[in-house]
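Undergrad: Sequence and predicted structure below; questions after.
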Amino acid sequence: MSQKFAGVKGMNDLLPPQIATWQRIEGIARNLFGNYGFSEVRTPVAEDTALFVRSVGEVTDIVKKEMYTFDDKGGRSLTLRPEGTAPAVRAYVEHGVAATEPLTRWFYLGPMFRYERMKTGRYRQFYQLGAEVWGSADAATDVELISLCHAYLQAIGVPEVVLHLNSLGDEASRPAYQETLRAHFQPFLAAMSEDARGTLERNPMRLLDSKEEALQAAIASAPALLEVIDDASRAHFDQVRRLLDALGIAYVIDPKLVRGLDYYVRTTFEFIYQPRSGENALGTAGTVCGGGRYDGLVKGLGGPDKPGVGFAMGLDRLAMLVGALGQGRAGGPQLFVGTFDGPLRETAIALVMRLRNQGLMVDFDPRGGKLGRQNERADKVGARYFAVYGQDEHARGVLRLKDLTLPRDTPDDHPGKYQDVPVEQLASWLLTRKEGPP
Ligand code: ATP
Ligand code: MG
């Protein structure tokens, strides 16, 4: 009896053709984030549930309805991480990192889990590339993070993104603003969902982030926090803007940008994919990066009083864009060796393995068969050269390499179509041709 299974809804398999794109954008991240002074951290996928309730905030979408929470066999409530900041802060505090360095820059890359309504660019397991800096309250730190995002999006080839920027002021300016908002939303009470009413009661600022249709007009006319923030936060915001101007990074001020987590103060930002023409491949899920400052969080999670700022990018959305823009192709093997059935087959296969062990990408068809078929296979996998290993080649100690990048109808006497290379020089010969255009 056989039984067929499907993957969990909202959790995707990434198959090899997609992985080529993923590896490319992950590789660029490791280099660029390294240039900016960030070190990688890896935390577990599950944490104590209370960590997220406490840090993300009880009145957020994440905590209210999106967490994968379960009891383990020891009766502990665990949650699959819905975001990366809280785990990173937990690790930073738990390992006393602040005691050994005044300034810390970390980045992480890994799967996150949210029980969400799925559509394009919105999944239940998705990947984030994020960065955090602890120990600097200076606007220069906010800007180095924004600059890093900006440079990264350019480097992977996602050009048409718009930077949205806002300041939420400090926590002291919050209560007065919450009251103003409560008064503002009061007349819309009748049209609101039960859920939104609860939010209005407990944390009206969260309503600005709501996607509820009936609320959009009220959100649009709501007073902006940016107008009433404290002087120190305003000066900080002006500094952020001046530094961005100096770097030539364009932005739009977006006074409604409160972001989905509770702990933000001062700077918040998002990068949103907005192509100037044609269809938006991400539809309504156009935000590819979100971040901001969260100066009270480290202390709130039992750590030292260290300011923090960070961002997280959605890699699924970026990989989709990069894939759609056709920039993620992997290279094929440098050489494909055709083999004959018979006593020389072992020698040929040994040659393939030896070349692989010497750092070359070399392929062959383990099923053997007709040489024409093997040549077709070499074409199919995108090999640069095809060479047959038979009696004659073995006797002469030479492989005749056929350049597969030339058009099919190239005459056999065309210079460069065939080249004889002694077997013992093959590795070094191929290595010198590894880089650069064919
Ligand atoms: P949204 O308003 O779209 O729900 P969010 O505020 O919940 O976004 P963040 O928590 O800021 O998102 O996460 C940072 C980034 O991670 C997002 O900008 C997005 O690119 C990506 N992301 C968030 N949730 C998902 C998801 N369910 N599937 C894929 N990517 C996601
Ligand atoms: Mg969300």
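TA: Thanks, I have the structure now. Ligands and ions are numbered 1, 2, ... in the order given.

Undergrad: which secondary structure element contains the residue of the chain positioned farthest from its centre?
TA: Centroid-distance maximum for the chain: Ala395 at 52.2 Å, with C-alpha atoms, centre = their mean. Using DSSP states H and E, Ala395 falls within helix 391-396.

Undergrad: model confidence over that helix, on average?
TA: In this model, helix 391-396 has an average pLDDT of 94.

Undergrad: so what does the next helix or strand after that helix touch, helix or strand wise?
TA: Using DSSP H and E, the helix or strand that follows helix 391-396 towards the C-terminus is strand 398-403. With contacts taken as 3 or more C-beta pairs under 8 Å, 6 or more residues apart in numbering; DSSP states H and E, strand 398-403 sits against strand 385-389, strand 418-422. All C-beta spots, glycine's among them, are computed from the backbone N, C-alpha and C.

Undergrad: Mind checking the ones you listed for the one nearest to ligand 1?
TA: The minimum distance between ligand 1 and these falls on strand 385-389, with 40.9 Å, by C-beta to the nearest ligand atom.

Undergrad: Could you check the angle the closest one makes with strand 398-403?
TA: 150 degrees (axes from the mean of the first three to the mean of the last three C-alpha atoms, to 10 degrees).

Undergrad: quick one: strands adjacent to strand 385-389?
TA: Strand pairing for strand 385-389, using DSSP bridges, gives strand 335-339 (parallel), strand 398-403 (antiparallel).

Undergrad: List of residues touching the shortest one?
TA: The set of residues that contact strand 335-339 without belonging to it, under C-beta atoms under 8 Å, 6 or more residues apart in numbering, is 345, 348-349, 351-352, 355, 360, 362-365, 368, 371, 374-375, 377-378, 381, 383-389, 399, 401, 404, 426, 430.

Undergrad: mean confidence for that strand?
TA: 97.

Undergrad: and for the next helix or strand after it, what are the contacting residues?
TA: Once the chain leaves strand 335-339, the next helix or strand it forms, by DSSP H and E, is helix 345-357. Here helix 345-357 makes contact (C-beta under 8 Å, 6+ apart) with 335, 337, 339-340, 362-364, 368, 389, 394, 423, 426-427, 430.

Undergrad: cool, and stretch 32-50?
TA: Contact partners of stretch 32-50, identified using C-beta under 8 Å, 6+ apart, comprise 30, 67, 69, 76-81, 84, 86-88, 90-91, 105-111, 113, 131, 144, 148, 151-152, 155.

Undergrad: Give the buried residues for that stretch.
TA: Within stretch 32-50, the residues scored as buried using 16 or more other C-beta atoms under 10 Å are Leu32, Phe33, Tyr36, Phe38, Val41, Thr43, Val45, Ala46, Glu47, Thr49.

Undergrad: Need those residues in TSV (columns: pLDDT).
TA: Converted to TSV, those look like this (pLDDT from 0 to 100):
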residue	pLDDT
Leu32	97
Phe33	97
Tyr36	97
Phe38	98
Val41	98
Thr43	98
Val45	98
Ala46	98
Glu47	98
Thr49	98
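
Undergrad: I'd like to know which of those are part of helices.
TA: Leu32, Phe33, Thr49 (DSSP state H).

Undergrad: any low-confidence regions in the stretch 251-400 of the chain?
TA: Applying pLDDT under 70 to the stretch 251-400 of the chain flags the ranges 260, 325-330.

Undergrad: Please list the residues of it that sit near ligand 1.
TA: Listed as neighbours of ligand 1 in the stretch 251-400 of the chain under the rule C-beta under 6 Å from any ligand atom: Gly260, Ala285, Thr287, Val288, Cys289, Gly290, Ala312, Gly314, Asp316, Arg317.

Undergrad: A strand includes the fourth one, no?
TA: It refers to Val288. Yes - per DSSP: H, G, I helix; E, B strand; the rest coil, Val288 lies within a strand segment.
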